[in-house]
Each structure stands twice: as C-alpha cells, then as structure tokens.
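Chemist: Fold the following and give me the result.
(2 chains)
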Amino acid sequence: MIQIIFVQNFNTMEGKKVRVRFAPSPTGPLHIGGVRTALYNYLFAKKYDGDFLLRIEDTDSNRFVPGAEEYIVDSLRWCGIEFTEGVGIGGPHAPYRQSERKDIYLKYALQLVESGNAYYAFDTSEELDNLRKSQEAKGMAFTYNYEVRTRLKTSLNPEYADYQERIKKGEPWVIRFKMPVNQNVHMNDLIRGEVIVNTSALDDKVLFKSADGLPTYHLANVTDDYLMRITHVIRGEEWLPSLPLHVLLYKSFGWESKMPLFAHLPLLLKPDGKGKLSKRDGDRLGFPVFPKHWDDPATKELVKGYDDYGFLPQAFINFLALLGWNPGTEQEIFNINELADAFSLDKVSKAGAKFDFEKAKWFNHQYIQKLTNKQLAEMICSVLDEKGIKCEMSYLADICGLVKERMFFLNDFWANAYFFFQSPEGYDAEAVKKRWKDNVPELLKDVKAVLSDISHFEANSINDTLHHHVEAKQISMGVLMNALRICMVGASFGPDLPLIMEVVGKEETLRRIDKALNEIKL
RNA sequence: GGUCCGUUCAUCUAAGGGUUAGGAUUCAAGAUUUUCAUUCUUGCCAUAGGGGUUCGAAUCCCCUACGGACUACCA
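Modeler: All right, here's what the predicted structure looks like:
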C-alpha cells in the first residue's frame, strides 16, 4: 500500500512579504544561466516589493575558487541586479556565507537523527566506490537506499549498535537522510504544476559530510531557506530531481507550514544543439558565457565576458529576461523596471531555451541606438585614450552620431570611425578592385584642384562643388565618389563622404587623395 | 539503466477547445543610401508521429519517438 504525502499549501503565502534568494556556489565565474536565475529572482522580488538576498553556498571546500564570490557580486552589480540583504550588505539573518554558518547545521542534522529521519553511516569513500563498481560490473547501478542501509555500516544496522562508541573513538561518519519507503510525494511547482515522485526511487542522500564537517547542499539549503524566511525558491531545473528530498526535509523538521513555494526554471541550452550551456561553451561557440571577463586565478586563463564584447548591461539583461519568459505582449524592449512590472512566474516557459547570439546582438544594437551621442562618447572615449588620441568630448559625440547606427557593440566604434582620427593605413583589396577604375587617377587629380578651391570646407559646399564638377566634366558620380571614399576611408563603407571630408578638414582630405594616388597601383 | 521534466517556423516565443497558427531574430528579395551599415516593404519557414475525447484539438488524455536534467561525503 502506497502512502501518499501531500505537501504545499498555496494559501500559506497570503499576506506574507515575499523573500527570495539567489544562492550561488563560488566555484568559478557565474555564467549566464546563473545570471538569469538571479535576474528572475530579482524581478520577482521587485514586482512584489519583497526582499532579495544573496547567500553564498560554499559548503564544498574542495571546489572553492578564490575570487569567485567577488566576481559574482561584481557581475550582478554590472547587470543592475541589486540585493536588499546578504553577503556584502548584511541583514537580520547574517552571516550569509554558509561556511560562516557552519555551527548551525550539525544541530539540525542531529535533530533529524533523533527524530528517526536520519542516521549515521560509516562507509568510507573507497568502500562506496567499490560498491558502485561491482554493481556496475553487473550492469546495475548502486543506490544507497532502504534496501541496503540496514546491511551497510550504519546506525540502522544491528551489527553497528555500537555506533556511539565508534563516533567517540573518532571514526569518520556522515549523516544520511532516511528516505521513506514507497510513498508518493506530491509537489507543486509554480512553473510545472504537480509533480509526483515515489520515494522508493530515491536514495539516502548524505546531509552532513565527514570530510570537512560541513553540510551538503540539501541540508544547508533547506535550513537556511527556513531560517531566512524564504517564501519562494526560484532556481534552475537541475534541482527538480532533488525537490522530493527537500520537501521531505521540511516535513521531517516539522516546517511544512513554513515551506517556501518552488519554481524550477527551464535551462539555458547550447545554441548548437545538445545539452545545457556550460562554462566551456563560450570559447568553442564564439560568444561569451560570462557577464564580465574572468581572470582564472588557477589556470591564469583570461576569459572574455559580455562587457569585453561591448555589450550594454541593459541590453544583456533585456535579452536574458526574454530567454524563457515573455510578457505575453509583443513588446521586446524593456528596461529593468518594466521587466519587473511585467514579470510573472506563470509566463515562464517550461522548455529549455537555446541561446541565440544573433538576437543578443540585435538587442545590443537597439540599445546603442537609444544612447545619446554624448553618452556613447563617454562610453567609448577610453579607446581613444589607449591610442593616445586627444579629442574634445563634443567632437567625439558628433562622430558617435555619425557612426552609431553602424555599431552593434561598443567595440565596433574604432572600426567604424578610425578614419576620423587618422588616415587609412591600407586599402581594402576588394574595394580597390571594384571601385578603382583605370580613369580614377585622372579624375582624382582634377577633383583635387576643385576641392582645394573651396573656401568654406564643409559638407554642403563640398557636396555642391562635387556635383557641379561631375556635371561640368560629364563624369560618373558613382565612380568619383567611390574612389574618393577609398582615399578617405581606405575601404568601401562609412557615413556620408562630404561629412567625413568636413570633419577631417581640407588639408587632410587633399593629403589622403595624394597618398592614395601614390600607394594604389593597379 | 532508473527517476523526473520537456517538445509550435532554423532560433526566442504568442495563441489559457473555434484565428488565414501571430510577433521578433536569422535568411532571401526589393526600396532608400553615389559605399557600407541602418531604416522601410515583401517573402520563406512551425504545431514531432500515431491514436483517442469533442460538432470542433497546437491546446485535454494515452502511446511512441526525440531532447534534457538528475542519479557524489558537488552545487
């Protein structure tokens, strides 16, 4: 007979202040999947005027990466995702770093042992490895569960009735959850609806480790969410399989009425097909998976982030928000406040979303266009500094206005505007081949004379002069302009040519024509 | 292998039983631009397959296929 466990009551949340958390482990840089999880938590909290906390889950001492926590904090700040409580800020439930909460967890683990919901186990890692291997050899998987727990080295095994002695003698032990047998756990996920799992398919997870005297994720997570009065747990779908355990932990502690509501987010998938997006995919697929650049302290590897690519954080966030969620309207461009207003968990999709860099690029282009010329100038002026070029901000802003619509990334500035600051260093072979006709040198010599006669060297008069010249000489405007463009830009792109000439001035314009005439030989 | 989750254009998605299945990105064509980009217009492209339920199914149910996650003293 299957016993049925009903858990979660939606009414319990009424009238309570929303409290959500983002709880990453500092095992490396945060990748965009994690950023999206943080973002959804943030939007949810903001929408309901709730609290949003940052908790660092550093219970795995082996995987700790120095600098990762700072990276997480910096990245979220860059994205505009702000916390109301947590690491770096403090709050009523401090500390917010689990390694600093060490003392709390053992008490709860022992409480579970006392209530008969957990037990001690003395198996060593080697013994467990061997068990797994021997089962594997038989084509079966080893599961630490109700079938074996009374036969292995556990306090449930009559042969280990002396377990208290062993503990006193200093024999290493762990505490495992005593998973009930054959009970259906009914869970309610805010995104997926009802999920039912039979406990017999589950194993006796370790709650408290012997290796470092720290709890595992499951214990730490549940007790902290409880102690910190979390109302909604919004996390990645990879946690859905352990939801029954978590729910059962709440039940075993007697915290059912305080249990948060759960929402498991769909995963971010690789753009080329298989599997969830991982940290290594960035290099392989040619786009960043980290918000900011990451200098790996161990490998000394430098990994590029969205900031290095010249993304605006607002564009990045807007794009990320729409990956797995949509407002149900046709609006696509949202600032972070609009996102919060529109956000709702029931609009989050169930299926994983493939990451599409082209669309991210489109969003960034849209956001760059929204910038004023002055704002854009301030964002890109450092590239001029690096090149040792001095220039007035107002002048730079004007140039930004000329090239803005050609920029998809902040980094596109120089490639689209270098010719305003220096003469071309070379000539694009394709363009020369196509636009530098046999008669071009003749035409340019003539037009040079005309240009040098212009007294007010500004776009309109340059334009008029060129038109008159073309008419008088009965030559092709296209041929002349394209050749002039090669002189001025070195290639076949860029803003209106007379404008470029005006900006660089008469002297420089004439110099560039001469230079091209000297350097381009057919 | 087991457990759970999922499946609408190439991609992100809308359509809470009744629409010519909508939008956006990509792509293609055209217009604009003396160049390139932008912009504008147009176009191409989807309900995984099979069974039900129903007057009527992308939508509800079942099966199959495919994809994904999890299956550590990691989180």
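
Chemist: shouldn't A:Asn463 be in contact with A:Leu499?
Modeler: No: using Cβ atoms under 8 Å, A:Asn463 is not in contact with A:Leu499; the gap is 9.1 Å. For the C-beta atoms, the positions are set from N, CA and C on the backbone; glycine is no exception.

Chemist: more neighbours, those two?
Modeler: A:Leu499 (19 against 16; other Cβ atoms under 10 Å).

Chemist: okay, the nearest residue to that one once chain neighbours are set aside: pLDDT?
Modeler: Leaving aside its chain neighbours, A:Leu499 sits nearest to A:Ala459 (4.8 Å; criterion: Cβ to Cβ, 6 or more residues apart in numbering). pLDDT for A:Ala459: 94.

Chemist: Repeat that for A:Thr12.
Modeler: Model confidence at A:Thr12, given as pLDDT, is 44.

Chemist: With A:Pro441 instead?
Modeler: At A:Pro441, pLDDT is 91.

Chemist: quick one: it from A:Pro215, how far?
Modeler: 80 Å (Cβ to Cβ, to the nearest Å).

Chemist: Please say which of those two ends up with more neighbours.
Modeler: Neighbour totals were compared for A:Pro441 and A:Pro215, and A:Pro215 leads with 26 against 16 (other Cβ under 10 Å).

Chemist: Give me the below-cutoff pLDDT ranges for the stretch 251-400 of chain A.
Modeler: For the stretch 251-400 of chain A, applying pLDDT under 70 flags the ranges A:273-274.

Chemist: And the strands in it?
Modeler: Assigned by DSSP state E, counting those that start in this stretch, the strands in the stretch 251-400 of chain A fall at A:261-265, A:268-269, A:294-295, A:302-303, A:353-354.

Chemist: could I get those strands as JSON lines with distance to A:Ile520 and mean neighbour count?
Modeler: Compiled in JSON lines, the strands of the stretch 251-400 of chain A are given as follows (distance: least, Cβ to Cβ, whole Å; neighbours: other Cβ atoms under 10 Å):
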{"stretch": "strand A:261-265", "distance to A:Ile520": "57", "mean neighbour count": "22"}
{"stretch": "strand A:268-269", "distance to A:Ile520": "49", "mean neighbour count": "22"}
{"stretch": "strand A:294-295", "distance to A:Ile520": "43", "mean neighbour count": "19"}
{"stretch": "strand A:302-303", "distance to A:Ile520": "39", "mean neighbour count": "15"}
{"stretch": "strand A:353-354", "distance to A:Ile520": "46", "mean neighbour count": "16"}
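
Chemist: do you know which of these lies nearest A:Asp453?
Modeler: strand A:302-303 (53.5 Å; Cβ to Cβ).

Chemist: Quick one: residues in contact with the closest one.
Modeler: Strand A:302-303 is contacted from outside by A:29, A:282-283, A:288, A:290, A:293-296, using Cβ atoms under 8 Å, 6 or more residues apart in numbering.

Chemist: Report the contact partners of the residue nearest to A:Leu499.
Modeler: Residues counted as contacts of A:Ala459 (Cβ under 8 Å, 6+ apart) are A:496, A:498-499, A:501-502.

Chemist: Could you identify the buried members of these?
Modeler: Neighbour-count burial (16 or more other Cβ atoms under 10 Å) is assigned, among the contacts of A:Ala459, to A:498-499, A:501-502.

Chemist: Can you narrow the residues you listed down to the ones near RNA strand B?
Modeler: Among the buried ones among the contacts of A:Ala459, the residues within reach of RNA strand B (Cβ under 7 Å from any atom of the strand) are A:Pro498.

Chemist: out of the buried ones among the contacts of A:Ala459, who's nearest RNA strand B?
Modeler: A:Pro498 (6.0 Å; Cβ to the nearest atom of the strand).

Chemist: and the closest one, what element?
Modeler: helix A:497-504 (DSSP states H and E).

Chemist: Touching, A:Ile486 and A:Phe493? I think so.
Modeler: No: assessed by Cβ under 8 Å, A:Ile486 is found out of contact with A:Phe493, at 10.6 Å.

Chemist: separation between A:Pro66 and RNA strand B?
Modeler: For A:Pro66, the distance to RNA strand B equals 16 Å [Cβ to the nearest atom of the strand, to the nearest Å].

Chemist: Please identify the nearest residue in space to A:Met393, excluding sequence neighbours.
Modeler: With Cβ to Cβ, 6+ apart, the residue lying closest to A:Met393 is A:Ala377, at 5.7 Å.

Chemist: Can you report how many residues lie near the one you found?
Modeler: Using other Cβ under 10 Å, A:Ala377 has 23 neighbouring residues.

Chemist: quick one: pLDDT of A:Ile32?
Modeler: Taking A:Ile32 on its own, its pLDDT is 95.

Chemist: Below-threshold pLDDT in the stretch 401-522 of chain A: ranges please.
Modeler: For the stretch 401-522 of chain A, the stretches flagged by pLDDT under 70 are A:522.

Chemist: Contact residues of it facing RNA strand B?
Modeler: Near RNA strand B, when you scan the stretch 401-522 of chain A using Cβ under 7 Å from any atom of the strand, you find A:405-406, A:477-478, A:480-482, A:485, A:492-498.

Chemist: which one is the closest residue to RNA strand B within chain A nearest to, not counting chain neighbours?
Modeler: Proximity of chain A to RNA strand B (Cβ to the nearest atom of the strand) peaks at A:Met481, 1.9 Å away. Spatial nearest neighbour of A:Met481, excluding adjacent residues (Cβ to Cβ, 6+ apart): A:Leu497 at 6.0 Å.

Chemist: can you check A:Phe357 too?
Modeler: A:Phe287 (4.2 Å).

Chemist: now A:Ser344
Modeler: Using Cβ to Cβ, 6+ apart, the nearest residue to A:Ser344 is A:Lys47, at 7.6 Å.

Chemist: coming back round to it: for the helix or strand hosting the residue of chain A closest to RNA strand B, enumerate the helices and strands it packs against.
Modeler: Here A:Met481 sits within helix A:477-489, counting by DSSP H and E. Judged by 3 or more Cβ pairs under 8 Å, 6 or more residues apart in numbering; DSSP states H and E, helix A:477-489 is in contact with helix A:429-435, helix A:440-452, helix A:459-473, helix A:497-504, helix A:506-519.

Chemist: Many thanks, have a good one.
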